[in-house]
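Trainee: build me a model from this:
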Amino acid sequence: GKMARDLNINPDNHTIVMGEYFLEDGSLNLRTLTGVLILCALMSLCLGFMIHAFIGIFSYLRKANLKSDKTIRLQRQLFITLCLQTVIPLVCIYSPPCIGIILPLLGLELHLINRYTPLLNSAFLPLDSLAVLISM
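Mentor: I've put the predicted structure just below:
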């Protein structure tokens, strides 16, 4: 926006959300990296919990003594819905910041992730709703 133009920041090669990884003298900015590591740890915990829940539900459904075909079909639909609701935030919300964290540390360009992150973030809610409607 206006502030980025005033500071002469080009969003194609500067990650505004994450801040500066390197100081003017070329050394690492420990304050920014600490914040980024905390963010990555929180996202990893959330993802780990989702994977744990996925495995727990999958193993329960395999061992469950479900008699009715209708009940089994309903459980599969719910399981597919939960899987989609796990994958969609992973792609739309968790992946872009993680990629945005890794790329500058590897010395790679940020212009693609900077352009597609807002699109992916805004696509999360409609895709999540569509996943529920289509899978149910």
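
Trainee: number of residues surrounding F49?
Mentor: F49 has 10 neighbours, counted by other Cβ atoms under 10 Å. C-beta: built from backbone N, CA, C; applies to glycine.

Trainee: now do the same for it: its pLDDT.
Mentor: pLDDT recorded at F49 is 88.

Trainee: from S135, how far off is it?
Mentor: 21 Å (Cβ to Cβ, to the nearest Å).

Trainee: can you list the buried residues in the one helix or strand L45 maps to?
Mentor: Take DSSP states H and E as the rule and L45 turns out to sit in helix 30-63. Residues T32, L33, V36, M43, M50 are the ones in helix 30-63 that count as buried (16 or more other Cβ atoms under 10 Å).

Trainee: confirm N65 sits in a helix?
Mentor: No - using DSSP: H, G, I helix; E, B strand; the rest coil, the secondary structure at N65 is coil, not a helix.

Trainee: and the pLDDT at M18?
Mentor: So M18 comes in at 51 (pLDDT).

Trainee: and L28, its phi and psi?
Mentor: phi -70, psi 140 (degrees, to the nearest 10).

Trainee: okay, now I113: neighbour count?
Mentor: Neighbour tally, I113, other Cβ under 10 Å: 21.

Trainee: perfect, I'm done here.
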